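> return atomic coordinates for the entry below.
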Amino acid sequence: MSNLAPKETTVIVIEDDPDTAELLCEFLEIKGIKVLEKGSDGKEAVELYSKLKPDIVFIDVMMPKYDGFYALEQIRKLDPNAKIIMVTADLTTDTSRLLDDLKATALIYKPYEFNDIMTMIEKLKHQDVR
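The predicted structure is shown next:
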């Protein structure tokens, strides 16, 4: 038996809207992406990342209590090479600049196309920085 099978891509999804989180997770699973866990705020994002070490993290920017900026900043401290896709409906330059300063790997705007998410995952899989 060969160990050459491609490694399954693992993700965690951090989204405060349960319906949005469920839809994204179902789509990812259908596409063969392993969703390790879901969380609903930035603090959970940091805890889940440090426990599970997924290949990619999807984080909603605007969440109550601990937001996506908090999660992004804290995960970067744990792992400067983490692949973090920030998801937002906020199209302001300030948000975009802050996400850039905090070194988000990628940014996806809501409402998003599921195919764009798969394109992004494929791109990230092929630029392995670990």
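> list the beta-bridge partners for the residue nearest to the spatial centre of the chain.
In the chain, the residue lying closest to the centroid (Cα atoms, centre = their mean) is residue 58, at 1.7 Å. Bridge pairing for residue 58 (DSSP bridges) gives the partners residue 13, residue 85.
> so what's the residue lying closest to residue 91 once chain neighbours are set aside scoring on pLDDT?
Take residue 91 and drop its neighbours on the chain: the residue closest to it by Cβ to Cβ, 6 or more residues apart in numbering is residue 109, 6.6 Å away. C-beta coordinates here come from the backbone N, C-alpha and C atoms, glycine included. Model confidence at residue 109, given as pLDDT, is 93.
> please look at residue 109 and residue 85 and confirm they touch.
No: using Cβ atoms under 8 Å, residue 109 makes no contact with residue 85, being 11.3 Å away.
> okay, now the unreliable bits of the chain?
1-6, 128-130 (pLDDT under 70).
> redo that, cut-off 80
Within the chain, the segments meeting pLDDT under 80 span 1-6, 126-130.
> which stretches of it form strands?
With DSSP state E as the criterion, the chain has strands at 10-14, 34-39, 56-60, 83-88, 106-109.
> for the nearest residue to residue 68 once chain neighbours are set aside, give its distance to residue 31.
Counting by Cβ to Cβ, 6+ apart, residue 61 is the residue found nearest to residue 68 once chain neighbours are left out, at 3.9 Å. Note on residue 61: its distance to residue 31, by Cβ to Cβ, to the nearest Å, is 23 Å.
> skipping adjacent residues, who's closest to residue 28 in space?
residue 35 (5.4 Å).
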